[in-house]
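>>> 3D model of this:
(2 chains)
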Amino acid sequence: MFSLLIRLALFLAGSTMLLDQLAPMQLVGAM
Amino acid sequence: MITPNKIISFVLLVLVAGDWLLRGSRPRPDRKLPWIAGFYVSLVVGTVYVSALGLASEHLLFRWTTYAAVLIFYFILRHTIRTVRDLDLFMIALIVSGVIATASAVLLPGSGGIWSPERRSGVGAGENQAAANLLMILPFTYALYLRYRSQVAKALVAGAAVMLVFGMVLTVSRSALLAAVAMGTLALIRMPRIRDPRAILATALLIAFGVWIAPAGYAARLGQLFGFLEGSPVVYGGDLGARAAVYKAAVEAFLSNPLLGVGTERFVSWLHATHPEVTLFVPHNVILEVASQEGLLGLVPFVAILVLTFTDLDRAQKMLRLRGDPTDPLIRGLFLRCALLQLGYVGILVVGQFQPLAFSRGLWVMFALSTVAVNLAREAVRASPAREARSFAGGHGATGGEPSG
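Below is the predicted model of the structure:
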């Protein structure tokens, strides 16, 4: 379970890693 | 700025710390560790040095959040990626990230659409850094393409590869173009399998696609490189000239104190005081970036890390080739992945010769993945050793990429 969580977090960290200019407000703005 | 990535990275750090405390884990061998420690000692020394002299930049504290972040990420990756599946998972995540960045460059309000002549990277960092990141992950799509059996999955991977190339073209990065040429050359020399006509056709199609979607002015900007090589004075006076000026200044900064440089994060103020005419404020080269501010104390370990990252990826391939069972798909798959990671590393390293990437997350991800690769290779070879004194090089038709020199 714990290792699944870690893998999930690893995936999320990787999948946002190259989005350097992405601020939460921009996300909201884009929606 | 608090980005989603920083928040998730923090959560990941907490999880990894918890995992480490609960399960504990024997530290795995890491040749780069002493050099990384040495490099960070140089950063601390450089910080104390500028602080003691009252010359510390106001950005110094902010920069330390970056220094800490890339280091923490190094250890997180080293701790978390324990199997080839983990490696694939992380690389898929990076590819997803690259595709989102590319899409944002076209779709976000103000991006100007596909045919805009502007250089664009959307939310994917500065143009050149974004291009370096995309190049770094591009080769790995090949391993994922081979991994999946389903045509749908293959099509998705191929689509992602096209998007990464598209994103790179949108940035109109000259450094990235040079890096792509270097990667292609290395691939031709070291991976004879890509001489496969289908692979060449796929590459040619990707290039044709890139040329077709290239924004207006792309050829002119990239053409500056050729003008520069021919010594054309008009082009040389442009920002390539500014680069030459800041390189010269960075060498002077280094020579002013070869042991310690001008001090951590002090190059800009030093430059303003001594060379007010120079228009680029950061040495656009990773070696000079470190040498000018940290001197030999930081440069020696940093160069060692750069070299060891390449040789670790080499070592992993050699281990798999010479001591692994050449018929085991796991051994072959890992061998191919190491070769592709190495290609990506060469890409970001070449961009780093023209950009200040010493603390870019992409570069530090490669530092970590090379350590991971050696450990994965060692474990794979232990689990699946060559049965006879025969290996990839022993006359089997190798398919997972050919042995490298």
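>>> so which residue of chain A comes closest to chain B?
Nearest residue of chain A to chain B: A:Gly14, at 2.7 Å (Cβ to the nearest Cβ). Where you see a C-beta, it was placed from the backbone N, CA and C, and this is true even at glycine.
>>> would you check that that residue makes contact with B:Ser97?
Yes: the criterion here is Cβ atoms under 8 Å, and A:Gly14 meets it with B:Ser97 at 6.4 Å.
>>> which residues in chain A form strands?
Taking DSSP state E as the criterion, chain A carries no strands.
>>> in the helix or strand in which B:Val303 is found, what counts as buried?
Secondary structure from DSSP states H and E places B:Val303 in helix B:286-323. By neighbour count with 16 or more other Cβ atoms under 10 Å in any protein chain shown, helix B:286-323 contains the buried residues B:286-306, B:308-309, B:312-323.
>>> from the chain's centre, how far out does stretch B:36-45 sit?
In terms of Cα atoms, centre = their mean, to the nearest Å, the centre of stretch B:36-45 is found 21 Å from the chain centre.
>>> check the spacing between the residue of chain A closest to chain B and B:Ile2 real quick.
19 Å (Cβ to Cβ, to the nearest Å).
>>> equivalent analysis for B:Phe10, please.
10 Å.
>>> ok, now how distant is B:Ala220 from chain A?
As judged by Cβ to the nearest Cβ, to the nearest Å, B:Ala220 and chain A stand 26 Å apart.
>>> next one: phi and psi at that residue?
Backbone torsions of B:Ala220, given as degrees, to the nearest 10, read phi -60, psi -40.
>>> tally of neighbours for it?
11 (other Cβ atoms under 10 Å in any protein chain shown).
>>> try B:Ala250
A count of nearby residues for B:Ala250, using other Cβ under 10 Å, gives 28.
>>> did I read that right, it in a helix?
Yes: if the criterion is DSSP: H, G, I helix; E, B strand; the rest coil, then B:Ala250 is within a helix.
>>> contacting residues for the residue nearest to the residue of chain A closest to chain B when sequence neighbours are not counted?
Sequence neighbours aside, B:Ala93 is the residue nearest to A:Gly14 in space, at 2.7 Å (criterion: Cβ to Cβ, 6 or more residues apart in numbering or on different chains). B:Ala93 makes contacts with A:Leu10, A:Phe11, A:Leu12, A:Ala13, A:Gly14, A:Ser15, A:Met17, as judged by Cβ atoms under 8 Å, 6 or more residues apart in numbering or on different chains.
>>> quick one: low-confidence ranges for the chain?
The chain I'm using is chain A. A:23-31 (pLDDT under 70).
>>> should've been chain B
B:1, B:111-117, B:194, B:213-217, B:226-239, B:388-405.
>>> relative to B:Val307, how far out is B:Ile287?
12 Å.
>>> in the stretch 1-150 of chain B, what residue lies closest to chain A?
Closest point on the stretch 1-150 of chain B to chain A, by Cβ to the nearest Cβ, is B:Ala93, at 2.7 Å.
>>> one step back: just the CA coordinates for the strand or helix carrying the residue nearest to A:Gly14, please, in PDB.
Assigned by DSSP H and E, B:Ala93 belongs to helix B:84-107. Presented in PDB, the C-alpha positions along helix B:84-107 are these (Å, rounded to 0.1, in the frame of the first residue of the first chain):
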ATOM      1  CA  VAL B  84      12.900  -1.500 -14.500                       C
ATOM      2  CA  ARG B  85       9.200  -1.000 -14.100                       C
ATOM      3  CA  ASP B  86       9.800   1.900 -11.700                       C
ATOM      4  CA  LEU B  87      12.200   3.300 -14.200                       C
ATOM      5  CA  ASP B  88       9.600   3.000 -17.000                       C
ATOM      6  CA  LEU B  89       6.900   4.500 -14.800                       C
ATOM      7  CA  PHE B  90       9.100   7.500 -14.000                       C
ATOM      8  CA  MET B  91      10.100   8.000 -17.700                       C
ATOM      9  CA  ILE B  92       6.400   7.700 -18.700                       C
ATOM     10  CA  ALA B  93       5.600  10.400 -16.200                       C
ATOM     11  CA  LEU B  94       8.300  12.700 -17.600                       C
ATOM     12  CA  ILE B  95       7.000  12.000 -21.200                       C
ATOM     13  CA  VAL B  96       3.500  13.000 -20.000                       C
ATOM     14  CA  SER B  97       5.000  16.100 -18.600                       C
ATOM     15  CA  GLY B  98       6.700  16.900 -21.800                       C
ATOM     16  CA  VAL B  99       3.500  16.400 -23.800                       C
ATOM     17  CA  ILE B 100       1.600  18.700 -21.500                       C
ATOM     18  CA  ALA B 101       4.300  21.300 -21.700                       C
ATOM     19  CA  THR B 102       4.100  21.100 -25.500                       C
ATOM     20  CA  ALA B 103       0.300  21.300 -25.600                       C
ATOM     21  CA  SER B 104       0.400  24.300 -23.300                       C
ATOM     22  CA  ALA B 105       2.800  26.100 -25.700                       C
ATOM     23  CA  VAL B 106       0.100  26.000 -28.400                       C
ATOM     24  CA  LEU B 107      -3.200  26.000 -26.400                       C
END
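>>> mind giving me the packing neighbours of the helix or strand following it?
The helix or strand immediately downstream of helix B:84-107 is helix B:127-137, counting by DSSP H and E. Here helix B:127-137 touches helix B:84-107, helix B:151-171, helix B:174-190, helix B:329-352, helix B:361-383, going by 3 or more Cβ pairs under 8 Å, 6 or more residues apart in numbering or on different chains; DSSP states H and E.
>>> hey, which of those helices is tucked in deepest?
Mean neighbour count (mean count of other Cβ atoms under 10 Å in any protein chain shown) peaks for helix B:329-352 among the helices and strands packed on helix B:127-137, with a mean of 25.
>>> for it, packing partners?
For helix B:329-352, where contacts count as 3+ Cβ pairs under 8 Å, 6+ apart, the packed elements are helix B:84-107, helix B:127-137, helix B:140-147, helix B:174-190, helix B:286-323, helix B:361-383.
>>> okay, those helices in CSV with distance to A:Phe2 next?
Formatted as CSV, these follow (distance: least, Cβ to Cβ, whole Å):
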stretch, distance to A:Phe2
helix B:84-107, 15
helix B:127-137, 28
helix B:140-147, 26
helix B:174-190, 38
helix B:286-323, 28
helix B:361-383, 20
